[in-house]
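Visitor: build me a model from this:
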Amino acid sequence: MTAQYQVQGDIAIISLNNPPVNGLGYDTRIGITDGLDQANGDAAVKAIVLTGAGKAFSGGADIREFNSPKAMQEPTLLSVIRAVENSGKPVVAAVHSVAMGGGLELALGAHYRIAAPGAKIALPEVKLGLIPGAGGTVRLPRVLGVETALNMIVKGDPVNSEVLAGLPGQKLFDKLAASPEKLLDEAVAFAREVAAKHADGSALPLVRNLPCKHPQGDAYFGFARNMVAGMSRNFPAPVKCVDALENATRFKFDDALTKEREIFIALMQTPECKALRHVFAAERAASKIPDVGPEVQPRAIAKVAVIGAGTMGGGIAMNFLNAGIPVTMLEMKQEALNRGVAVMSKNYEAQVKKGKLKQDKYEQRMSLLKTTLNYADIKDADLVIEAVFEELGVKEAVFKQLDAVMKPGAILASNTSTLDVNKIAAFTQRPQDVVGMHFFSPANVMKLLEVVRGAKTGKDVLATVMALAKKIKKTAVVSGVCDGFIGNRMIEQYSRQAGFLLDEGATPQQVDKAIEKFGFAMGPFRMGDLAGNDIGWAIRKRRAVEHPDMKYSRTADKLCELGRFGQKTGAGWYDYQPGKRDAIPSQLVEDMIAKHRQELGITPRKIGDPEIIERLVYSLVNEGARILEDGIASKASDIDMVYLTGYGFPLWRGGPMQYASQVGLFNVMQSMKRFARNPRDDASFWQPAALIAKLAAEGKTFG
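Guide: Numbers count the residues shown, from 1 in each chain. Below you'll find the predicted structure:
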């Protein structure tokens, strides 16, 4: 049983015990109601304390039961809360560490609440595309007031218990314990107090009986709805939170509770909710590697070295400094080191100016940074990350040097974005210690870290890097070795399609606008200008040697031949004014594309936004399916995490593979067959991946 019952004198204690966060799964719900029955049937028990064992009061629903029959099996959480309210003996919720979602809703059903300081209190359902579904929107405004409750529910962010306990007129917490360690003793003493108070049979207080009104009524909710709608246009749940709170002020408690449930169930069926729940599960699944279990012990990482003080090297170093890990940065020339350190300081100073970082924290972080021109000074580092020019010969020189100087057991990582990690590992006598750690630019901001597993990379090296990623607040996704790994292998197909669209009649701004309207942070041409068009040019030159049969539009090469590499040169697919990032459509580029079409004998055609979106997105899907077939990614959700955290794919669509699953793989395949008939496109690429064909034939999704 995941809820334990014990009696301390005349007080029964029900402790939720379902690690890691005491999720309210079926067994736990049964345990609570059984405990209530036992306590109410025992004449010696005067009151009940409801608390959580371990590191949480309760984090809410048990995610292991998502989409399973047990999630809705009686007693549901609504039934458990009703049983708590109907207890003939006082129930005191003793809240500590974490009370979120259903955990907070459960506490709100108790007659009294005592909290430990430092407990994180939240109703975060909005982050899953939902509203609270077990009375949160109806009870929280009764104890905190409508405005505070609405703010908490719409944002979904945790607030410390002592902050809430200090609000004037709040009725959420009856008492604040002296410390987390003293919470249970104080809760038991408080339970005895309230038992004595109600010994005369007086009615027990219920949150449902408290008033719930806002003095401005309709005017306030109209204003709130407009504000929330403006800030969350692609997410339906935040506006529905406002509706539910308004219902709490307008209807009787039980009617408002029914309406809350109706909204909750309707939201469960929306594509946005399905996408956000998929992302929630995918983020947790990404850290799990099929053949690397908890028995694999990670190596200790106390010191890190970074080779290269350029944009990437400096950004990578900042991640470790932010986590309190000392870094030694190595360069070949002092000027390069000075430049790199100056950029890092400037980044930190900008955060200080915006109030995001305190001056002493900035100084503390920079004090952890050392610089050197000598490899001998990094020999004791536990992890060294190479961030030098993306050329195999340059990497070879660095890794041979690292192999010679680094201590045994040090992890040697490459920040390569496309090169063969097995070849890099072969430059050393210790391939088991070599791994790819592909950070995304700017490395101190972007959440994604592609962890590239070489053929001989040790399991403990993988376990170490995955644990370290968590420490430096990155979403790590494991990739096998192939050209471009997961993200860049897919983006190449996306970029090829963008080029073909130009050949056939679209303009760069039309393509960018269409995909940005779909929800991408930026379109392929604005992205190229930001990253540097010369990077893609170098890859295409390499492709011409390795895969001479691969078809590309020549427009991107012609652009680079004009020296238009993007924002860094003030001109790319767009024109840029000095010091500004605004993309201005370029007549010169449009003329270049028109001339290119003439040379190929192409009569431009009108291309609609739906075709642009499908060709770009489905190119990612088809290549993603092939990546799964090749074993480069172990699950479709890993591909989604790469695109959500590294490439600006819209969160509310859940990633390319999830989006394709929602559209239906049969429909995706039909579009691919249509694109294969286009003589200006690449027919061989548009043959649906075998995995897509198989799943579509079976009526399945990527899952």
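Visitor: list the contacts of residue 43.
Guide: With contact set as C-beta atoms under 8 Å, 6 or more residues apart in numbering, residue 43 has no partners. C-beta: built from backbone N, CA, C; applies to glycine.
Visitor: and the gap between it and residue 417?
Guide: 71 Å (C-beta to C-beta, to the nearest Å).
Visitor: residue furthest from the geometric center of this protein?
Guide: Centroid-distance maximum for the chain: residue 200 at 52.7 Å, with C-alpha atoms, centre = their mean.
Visitor: quick check: which element contains it?
Guide: According to DSSP states H and E, residue 200 maps onto no helix or strand at all.
Visitor: gap between the helix or strand residue 514 falls within and the chain center?
Guide: In the assignment (DSSP H and E), residue 514 maps to helix 508-518. Mean-position distance between helix 508-518 and its chain equals 24 Å (C-alpha atoms, centre = their mean, to the nearest Å).
Visitor: the strands in the stretch 51-200 of the chain, which residues?
Guide: Remark: strands assigned in the stretch 51-200 of the chain by DSSP state E, counting those that start in this stretch are 91-95, 98-100, 112-115, 120-122, 159-160, 175-176.
Visitor: pLDDT score for residue 361?
Guide: The model reports residue 361 with a pLDDT of 94.
Visitor: adjust the sequence numbering to begin at 507 for everything that follows.
Guide: With the count now opening at 507, the last piece we talked about shows up as residue 867.
Visitor: quick check: which element contains it?
Guide: helix 865-873.
Visitor: next, the buried residues of the next helix or strand after that helix.
Guide: Using DSSP H and E, the helix or strand that follows helix 865-873 in sequence is strand 875-878. The neighbour-count check on strand 875-878 (16 or more other C-beta atoms under 10 Å) flags 875, 877 as buried.
Visitor: ok, strand 875-878: who's next to it in the sheet?
Guide: Sheet pairing here is set by DSSP bridges, and for strand 875-878 it gives strand 833-836 (parallel).
Visitor: what domains does the record give for the chain?
Guide: Domain assignment for the chain by automatic domain parsing gives 509-774, 810-985, 993-1203.
Visitor: between the two ends of the second one, how far is it?
Guide: The straight-line separation of the ends of domain 810-985 (C-alpha to C-alpha, to the nearest Å) is 23 Å.
Visitor: swap in the longest one?
Guide: Across its full length, domain 509-774 reaches 28 Å end to end, with C-alpha to C-alpha as the criterion.
Visitor: check contacts around residue 759.
Guide: For residue 759, the contacting residues are 644, 714, 715, by C-beta under 8 Å, 6+ apart.
Visitor: count residues in the vicinity of the last one, would you?
Guide: Look at residue 715: counted by other C-beta atoms under 10 Å, it has 11 neighbours.
Visitor: could you measure from it over to residue 987?
Guide: 64 Å.
Visitor: likewise residue 1049?
Guide: For residue 1049, the distance to residue 987 (C-beta to C-beta) stands at 17 Å.
Visitor: looking at those two, which has the bigger crowd around it?
Guide: residue 987 (19 against 15).
Visitor: surely that one touches residue 924?
Guide: No: at 10.7 Å, residue 987 does not count as touching residue 924 under the criterion of C-beta atoms under 8 Å.
Visitor: return the distance of the lowest-mean-pLDDT helix or strand in the chain from the chain's centre.
Guide: Lowest by mean pLDDT, DSSP states H and E among the helices and strands of the chain is helix 1039-1052, with a mean of 85. The chain centre lies 32 Å from the centre of helix 1039-1052; the measure is C-alpha atoms, centre = their mean.
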